[in-house]
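Student: Turn this into a model:
(3 chains)
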Amino acid sequence: MEFAFFIAGFIALAATLRVITCANPVHALLYLIVSLLAVAIDFYALGAPFAATLEVVVYAGAVMVLFVFVVMMLNLNAETVARERHWLRPALWTGPAIMAGVLLFAMLGALIDGHSIGVVDGQVLSANSVGKQLFGPYVLVVELSAFLLLAALVVAAHLGREDDDVEDKDTARRERGVSKAGEQR
Amino acid sequence: MIFGLSEHDIISIGLTAIRTLVILLGSVLVAAMMIWVERRLLGLWQDRYGPNRVGPFGLLQVVADMIKIFFKEDWIPPFADKAVFVVAPAIIMLTSMLAFAVIPFTPTWTVVNLNVGILFLLAMSSLGVYSVIFAGWASDNKYALLGAMRTAAQMISYEVFMGLSLLGVVLLAGSFNLGVIVESQRGMWNVIPQFPAFVIFFLAGCAEIHRAPFDLPEAEQELTSGYHTEYSGMKFGMFFVGEYLGIVLISCLVTTLFFGGWLGPWLPGFVWFALKAGFFMCFFILLRAATVRPRYDQLMAFGWKVLLPIAIINVAITGAIVVAQS
Amino acid sequence: MKNAAQNAISATSGVLRTLGMTFMHSFRKRDTIMYPEEQPYLPPRYRGRIVLTRDPDGAERCVACNLCSVACPVDCISVVKTEDETGRWYPESFRINFSRCIYCGFCEEACPTYAIQLTPDFEMGEFDRQQMVYEKSDLLISGVGKRPGYNFYRVAGMAVGGKDKGAAENEAEPIDIKTLLP
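Tutor: The predicted structure follows:
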């Protein structure tokens, strides 16, 4: 399992790097999907099969599809790729990279110190226990996120609402147009 | 002792490898034979014969087609995104074949006995979307792109109902493990208490593998076969076999989840499984022979306005009953 | 609500009914036949392979008038006219390119002598396109085809080998315009 963990972790890192450096957005998304799948395998290797499958179902399977769906519509061409390349100039990313590097060192230091974080002990976390956690200690968070999702649903339903009387309006307008034409004559 | 493995380990690894090979090869072979079965059955229901020349009853037609498709020119359009274009057909084969890994054909014949089996299936089916989407995008063809758009929306929507309809079954069995679900149906097949879920799952499965009547992504009449318009040779063959693999997969799933899998009197388990799954494969073909393709907005409206409420009500009622009983 | 329920019921029963009806087709007789073993019945006036027929005396009916060639919409007939010593016209060559022919039957309708006729034979596949060009020897049959007993020169008013003007069937003697006698 450790073997699988490290291979998947390495692939996740490499794929994520390619996500950032890839000039073609769709190729970048492909790498992002691979990265998510690798993370899912890491979850599985750590003994959380439920989280692993949810990662694939929700992130790789649904959210990323919508990403691809949107990017697909962007009418990509050589010009966009060139612009992306242009954005990859070192001048643009050295600042964030240095700060991220400092953060990385801070995190590595914390990891090596090993006091503040729990150690994975290889226990398998079943769907059952996840459910008990979610609807036990974390029930408030679950309910809050449910509120948020409901709000999003209501907004989406409102935006996607069809006007029931659009057809009537159309016919009315057409009839008005006809009568106007008659008057002019 | 080789590489720290005892003889017992090696034998069990070898057995698993053989079992995996048999199941995967078997599923692909069955999917290939489905092409012949479909053509013969469509012929029967349309008052004609179907392929009957190559071999006995035309059984070798598939072999002939395979030979032909292997030797066809494998053309990649110059305007296509080459890498994605090549990867796309592999994805559908990969995900459908991986999904077979968790299906228990008999109590002993299954590749992995995963305790999140159903979720794994959902994950594989949701990854299968990429095949179609990337194929449509990489082709750089407006029909293909339209097909890919339709697929993305259709498959994401119907995945929701597919997952929700399965929740009832999971509640009754108390597990995501497919083997446990089959065993839980010893008293009564799930199709009786979970009939709405069965109908929703079947329809959603049909839409998930974009099979007639929900084959809008490849609608020949409007989209000149949609996302695989630009594909030829073995790449097209992979899409083609992938679709039939999907039919076999959904039939196996319906059998496992709602019709008691290998359970049945007198006959051995695998025969029961094959009989039930075969029945649903034929039913898929009947569905194609009989029904017409809905319009795109009708498909979406049907999903969100009919299937989703029914699925949610079903989950709520099943949950209430399970809680009341325990 | 009531309307929606009615719609749902009628839609569901409609789908189930169409499934049932389609399934019942398994017990119907098939509309197609196993072709090479079992030959379809083709009516005598079926428009298939073109032949050139002979009159009951065994002479060629074709008078090389080129009307078929003119009528042909795809220009697949080519005729070269010649005469024998008695003044009777006949085709020196008669060529039909069947790889162009659309079997419309216009040539048959245009033919004044019933020489060119379409027959109920359609099995003309060839591997070599040049084989589809039929010469006169390929087209000419030794029979009368669909018009038994018809002989153009016997009813036509033309003076031809041995038959004078006025000697045809149902034909009056030619009027001698040089005489005043009734």
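Student: Helices of chain C, start to end?
Tutor: Ranges of helices in chain C, per DSSP state H, are C:2-24, C:67-71, C:106-110, C:136-139, C:152-155.
Student: Just put these in CSV and tack on mean neighbour count, distance to chain A and mean pLDDT.
Tutor: For every residue, glycine as well, the C-beta is placed using N, CA and C. Formatted as CSV, these follow (neighbours: other CB atoms under 10 Å in any protein chain shown; distance: least, CB to the nearest CB, whole Å; pLDDT from 0 to 100):
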stretch, mean neighbour count, distance to chain A, mean pLDDT
helix C:2-24, 11, 15, 86
helix C:67-71, 19, 52, 91
helix C:106-110, 17, 50, 90
helix C:136-139, 16, 60, 88
helix C:152-155, 18, 68, 81
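Student: how about those helices, which one is nearest chain B?
Tutor: helix C:2-24 (3.8 Å; CB to the nearest CB).
Student: For that closest one, which helices and strands make contact with it?
Tutor: helix B:269-290 (3 or more CB pairs under 8 Å, 6 or more residues apart in numbering or on different chains; DSSP states H and E).
Student: in the helix or strand just after the helix it packs on, what counts as buried?
Tutor: Using DSSP states H and E, the helix or strand that follows helix B:269-290 towards the C-terminus is helix B:296-301. For helix B:296-301, a neighbour-count test (16 or more other CB atoms under 10 Å in any protein chain shown) marks B:296, B:299-300 as buried.
Student: And stretch A:49-64, by the same measure?
Tutor: Neighbour counts over stretch A:49-64 (16+ other CB under 10 Å) mark A:49-57, A:59-62, A:64 as buried.
Student: Between those residues, which sits nearest chain B?
Tutor: Using CB to the nearest CB, those come closest to chain B at A:Gly61, 2.7 Å.
Student: Mind splitting chain A into its structural domains?
Tutor: Domain ranges of chain A: A:1-119, A:126-178, per automatic domain parsing.
Student: out of everything not next to it in sequence, what's closest to B:Ser27?
Tutor: What sits nearest to B:Ser27 in space, not counting adjacent residues and going by CB to CB, 6 or more residues apart in numbering or on different chains, is B:Phe100, at 4.8 Å.
Student: Let's see stretch A:26-40 as CSV, backbone CA atoms only.
Tutor: Extracted in CSV, the C-alpha atoms of stretch A:26-40 (Å, rounded to 0.1, in the frame of the first residue of the first chain):
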residue,chain,number,x,y,z
VAL,A,26,-8.0,21.3,-22.3
HIS,A,27,-4.7,19.4,-21.9
ALA,A,28,-4.3,21.2,-18.5
LEU,A,29,-7.7,19.9,-17.5
LEU,A,30,-6.8,16.4,-18.6
TYR,A,31,-3.8,16.6,-16.2
LEU,A,32,-6.0,18.0,-13.5
ILE,A,33,-8.3,14.9,-13.8
VAL,A,34,-5.3,12.6,-13.6
SER,A,35,-4.1,14.5,-10.5
LEU,A,36,-7.5,14.1,-8.9
LEU,A,37,-7.5,10.4,-9.7
ALA,A,38,-4.0,10.1,-8.2
VAL,A,39,-5.2,11.8,-5.0
ALA,A,40,-8.1,9.4,-4.9
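Student: To chain B, which of the domains of chain A lies closest?
Tutor: When these are compared (using CB to the nearest CB), the closest one is domain A:1-119, at 2.7 Å.
Student: I'd like the mean pLDDT over the closest one, please.
Tutor: Confidence over domain A:1-119 (mean pLDDT, whole number) is 80.
Student: what about that domain and chain B, any contact?
Tutor: Yes. Contact of domain A:1-119 with chain B (CB under 8 Å from any CB of the partner chain) involves A:24, A:26-27, A:30, A:33, A:49-50, A:52-54, A:56-57, A:60-62, A:65-66, A:68-69, A:72-73.
Student: From the buried residues of stretch A:49-64, which land in helices?
Tutor: Reading helices off these with DSSP H, I get A:49-54, A:64.
Student: follow-up on the earlier one: buried deepest among the domains of chain A, which one?
Tutor: A comparison of the domains of chain A by mean neighbour count, using mean count of other CB atoms under 10 Å in any protein chain shown, puts domain A:1-119 on top with a mean of 15.
Student: Do I have it right that the residue nearest to B:Ser27 meets B:Cys252?
Tutor: Yes. Counting by CB atoms under 8 Å, B:Phe100 touches B:Cys252, with 7.5 Å between them.
Student: Quick check: A:Pro49 vs C:Lys136, distance?
Tutor: A:Pro49 sits at a distance of 83 Å from C:Lys136 (criterion: CB to CB, to the nearest Å).
Student: no no, C:Cys76
Tutor: C:Cys76 is 14 Å from C:Lys136, by CB to CB.
Student: Ok, B:Met234 next?
Tutor: For B:Met234 relative to C:Lys136 (CB to CB), the value is 51 Å.
Student: now swap in B:Leu171 and tell me
Tutor: 85 Å.
Student: and residue 46, backbone torsions?
Tutor: Went with chain A since none was named. phi -80, psi 0 (degrees, to the nearest 10).
Student: That was the other one, I meant chain C.
Tutor: Torsion angles, degrees, to the nearest 10, at C:Tyr46: phi -60, psi 140.
Student: For it, which non-adjacent residue is closest in space?
Tutor: Per CB to CB, 6+ apart, closest to C:Tyr46 is C:Pro120, 3.8 Å.
Student: my guess is that neighbour contacts C:Tyr41, does it?
Tutor: No. In this structure, C:Pro120 is not within contact of C:Tyr41 by CB under 8 Å, at 9.1 Å.
Student: who's more crowded, the two?
Tutor: C:Pro120 (14 against 7; other CB atoms under 10 Å in any protein chain shown).
Student: Contact partners for the more buried one?
Tutor: C:42-46, C:48 (CB atoms under 8 Å, 6 or more residues apart in numbering or on different chains).
Student: and it, what are its phi and psi?
Tutor: According to degrees, to the nearest 10, C:Pro120 has phi -80, psi 50.
Student: For B:Thr16, see how far away it is.
Tutor: 65 Å.
Student: ditto for B:Asn141
Tutor: 43 Å.
Student: Looking at the two, which is more packed in?
Tutor: B:Asn141 (21 against 12).
Student: Distance of the more buried one relative to chain C?
Tutor: Between B:Asn141 and chain C the computed distance is 33 Å (CB to the nearest CB, to the nearest Å).
Student: B:Leu24 too?
Tutor: 32 Å.
Student: Next secondary structure after the helix or strand where that residue lies?
Tutor: Using DSSP H and E, B:Leu24 falls within helix B:7-45. As assigned by DSSP H and E, the chain's next helix or strand after helix B:7-45 is helix B:61-71.
Student: what's the spacing between that next one and its chain's center?
Tutor: The chain centre lies 23 Å from the centre of helix B:61-71; the measure is CA atoms, centre = their mean, to the nearest Å.
Student: send the alpha carbons of the top helix by length along chain A over as CSV?
Tutor: In chain A, ranked by residue count with DSSP H as the criterion, the top helix is helix A:90-113. Coordinates of each C-alpha in helix A:90-113 appear next as CSV, following Å, rounded to 0.1, in the frame of the first residue of the first chain:
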residue,chain,number,x,y,z
PRO,A,90,9.2,33.8,-15.2
ALA,A,91,8.6,37.5,-14.4
LEU,A,92,4.9,36.7,-13.7
TRP,A,93,5.4,33.6,-11.5
THR,A,94,8.6,34.1,-9.6
GLY,A,95,6.9,36.2,-6.9
PRO,A,96,4.1,33.7,-6.1
ALA,A,97,6.6,30.8,-6.5
ILE,A,98,8.9,32.2,-3.9
MET,A,99,6.1,32.7,-1.4
ALA,A,100,4.7,29.3,-2.1
GLY,A,101,8.2,27.9,-1.6
VAL,A,102,8.5,29.5,1.8
LEU,A,103,5.1,28.0,2.7
LEU,A,104,6.3,24.6,1.5
PHE,A,105,9.3,24.9,3.8
ALA,A,106,7.1,25.9,6.7
MET,A,107,4.9,22.9,6.1
LEU,A,108,7.8,20.5,5.6
GLY,A,109,9.2,21.8,8.9
ALA,A,110,5.9,21.1,10.6
LEU,A,111,5.7,17.7,9.1
ILE,A,112,9.2,16.7,10.1
ASP,A,113,8.6,18.0,13.6
